[in-house]
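Enquirer: here you go, sequence then predicted model.
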Amino acid sequence: MPQPKSSHRIPRLLETQRIYLRPFEITDVDVYFPGLFDAEMRRLTGTQNSFTRTQVERYIENAAQDDSRLMLLIALQENDQIIGDVVLMDMHAKNRSAHIRIAIDQAEHQGKGYGSEALLLMLDYGFGICNLHRVELEVYAFNERAIRTYEKLGFQREGVKRDALYYNHQYHDSIQMSLLEDEFRQRHMDDQAGNN
């Protein structure tokens, strides 16, 4: 997904040395849209529907207006290339809970730790700025690499939805996982304190 490097500095909401997270712009549709048709990404996310460019534009516009959702693009510091997205959604103020999802678009960017970095940034923002207590996710049982990543970050398995996804002539289980604010702080804030 080569993208032209802009002469102006792109706004960054959250960043590490290797990646940064930034809001979607409507002009990002040209980059984001083709990724929705990557066969492996569709399998890993259980995407069954097809989308038009107009639907994607509307989705991005609606997400920007939705106070219960924070949808950010993941981009590389070295060249501003967009490599995926991460979303906190269904944020519930009274329960202080949210759902998180992430997608790294192409195989060349997977397995390099970018997803873990993006998740840590978003979790830190969710617990530290949005005042969340619980962040949950669902992952399909065949996505073992993602499960290992989530467990490494501290997510705990809570249960299994049996045969929750029908994809490619088979049913697949969905694993429910969550992370609580105290678990996150103990695991990751202590790590940061030890590195200072």
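Expert: Structure's in. What do you need?
Enquirer: for Met41, give its distance to Ala146.
Expert: From Met41 across to Ala146, the span is 12 Å (C-beta to C-beta, to the nearest Å). From N, CA and C alone the C-beta is placed, and that goes for glycine too.
Enquirer: what comes up buried for stretch 157-175?
Expert: Going by neighbour count (16 or more other C-beta atoms under 10 Å), the buried part of stretch 157-175 is Ala164, Leu165, His172, Ser174, Ile175.
Enquirer: now, the most widely separated pair of those residues?
Expert: Pairwise distances across those (C-beta to C-beta) peak at 11.1 Å, for the pair Leu165 and Ile175.
Enquirer: give the residues shared as contacts by the two.
Expert: Tyr140 (C-beta atoms under 8 Å, 6 or more residues apart in numbering).
Enquirer: which other residues reach stretch 15-22?
Expert: Applying C-beta under 8 Å, 6+ apart, the set of residues contacting stretch 15-22 is 10-14, 72-78, 83, 86, 113-114, 117-118, 121-122.
Enquirer: buried ones among these?
Expert: If we count by 16+ other C-beta under 10 Å, the contacts of stretch 15-22 have these buried: Leu14, Leu72, Leu73, Ile74, Ala75, Ile83, Val86, Tyr114, Glu117, Ala118, Leu121, Met122.
Enquirer: how many neighbours does Arg58 have?
Expert: Neighbourhood size, Arg58 [other C-beta atoms under 10 Å]: 12.
Enquirer: how about Leu153?
Expert: When neighbours are counted by other C-beta under 10 Å, Leu153 registers 18.
Enquirer: can you tell me the closest non-neighbouring residue to it?
Expert: In space, and not counting its chain neighbours, Leu153 is closest to Leu119: 5.9 Å by C-beta to C-beta, 6 or more residues apart in numbering.
Enquirer: which residues of the chain fall in strands?
Expert: When secondary structure is read from DSSP state E, the chain shows strands at 14-15, 19-23, 70-76, 82-92, 97-104, 134-140, 156-167, 170-180.
Enquirer: could you save those as TSV and add columns showing distance to Pro34 and mean pLDDT?
Expert: Listed next are those as TSV, based on distance: least, C-beta to C-beta, whole Å; pLDDT from 0 to 100:
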stretch	distance to Pro34	mean pLDDT
strand 14-15	25	96
strand 19-23	19	96
strand 70-76	14	95
strand 82-92	11	95
strand 97-104	13	96
strand 134-140	23	97
strand 156-167	21	96
strand 170-180	25	97
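Enquirer: what's the closest of those strands to His188?
Expert: strand 170-180 (9.9 Å).
Enquirer: list the contacts of stretch 159-173.
Expert: For stretch 159-173, contacts defined as C-beta under 8 Å, 6+ apart pick out Arg43, Gly46, Gln48, Glu138, Tyr140, Ala141, Phe142, Ser174, Ile175, Gln176.
Enquirer: okay, and the beta partners of the fifth one?
Expert: Beta-bridge partners of Tyr140, counted by DSSP bridges, are Ser174.
Enquirer: the inter-axis angle of the longest helix seen in the chain versus strand 82-92?
Expert: Counting residues, the longest helix in the chain under DSSP state H turns out to be helix 114-128. Orientation check (axes from the mean of the first three to the mean of the last three C-alpha atoms, to 10 degrees): helix 114-128 against strand 82-92 gives 30 degrees.
Enquirer: thank you kindly, that will do.
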